[in-house]
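Here's a sequence, model it:
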Amino acid sequence: MSNQNLSQEEHVRRLRWQCRRGIKEVEVLLLPFFEERYPGLSADDKLLFEKLLDQHDVEMFEWFTHRSRPEQPDLAHIVAMVLNRVGA
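Reported below is the predicted structural model:
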C-alpha cells in the first residue's frame, strides 16, 4: 500500500473521529452522514463538511434544531445536506 493511500485512510479516520461530539444530538447526525454520504460528495462539499466539523458543538446544535442558521452560505449549504439526510 502506498503512503498516499495510508494518508488518505488516516484522513478519513480523523474525520470519523471528529464526528464524535460532546453533544450527542449533533453526533447522531454527523456520524451517519459521514458514513453514508461523505464518500459520494464532491470535493467542494467534502471541504465544506470538514469546515462544519471545525465549528462548535453548540452552534451545530442550534443549526440542526432549526433554532438558528449559519451566517455563512457555504455552512448553511452543508447543514442543509446533513438535515436532508434525515428529512429534518
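
and the most centrally placed residue in the chain, what is it in contact with?
Nearest residue to the geometric centre of the chain (Cα atoms, centre = their mean): residue 49, 4.2 Å. Applying Cβ atoms under 8 Å, 6 or more residues apart in numbering to residue 49 gives the contacts 15, 33, 34, 38, 41, 78. In short, each C-beta sits where N, CA and C put it, glycine included.

what are the ranges of the helices in this protein?
3-18, 24-36, 43-53, 57-64, 73-86 (DSSP state H).

Mean pLDDT for these - can I get that in JSON lines?
Listed next are those as JSON lines, based on pLDDT from 0 to 100:
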{"stretch": "helix 3-18", "mean pLDDT": "86"}
{"stretch": "helix 24-36", "mean pLDDT": "96"}
{"stretch": "helix 43-53", "mean pLDDT": "97"}
{"stretch": "helix 57-64", "mean pLDDT": "97"}
{"stretch": "helix 73-86", "mean pLDDT": "95"}
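
ranking the contacts of residue 49 by neighbours, who comes first?
Compared across the contacts of residue 49, residue 78 has the highest neighbour count, 25 neighbours, by other Cβ atoms under 10 Å.

any idea how far it is from residue 15?
13 Å (Cβ to Cβ, to the nearest Å).

Residue 31 against residue 17, yeah?
No. Between residue 31 and residue 17 there is no contact under Cβ atoms under 8 Å: 10.1 Å.

who has more neighbours, those two?
Per other Cβ under 10 Å, whichever of residue 31 and residue 17 has more neighbours is residue 31, with 15 against 9.

Right, I'll leave it there.
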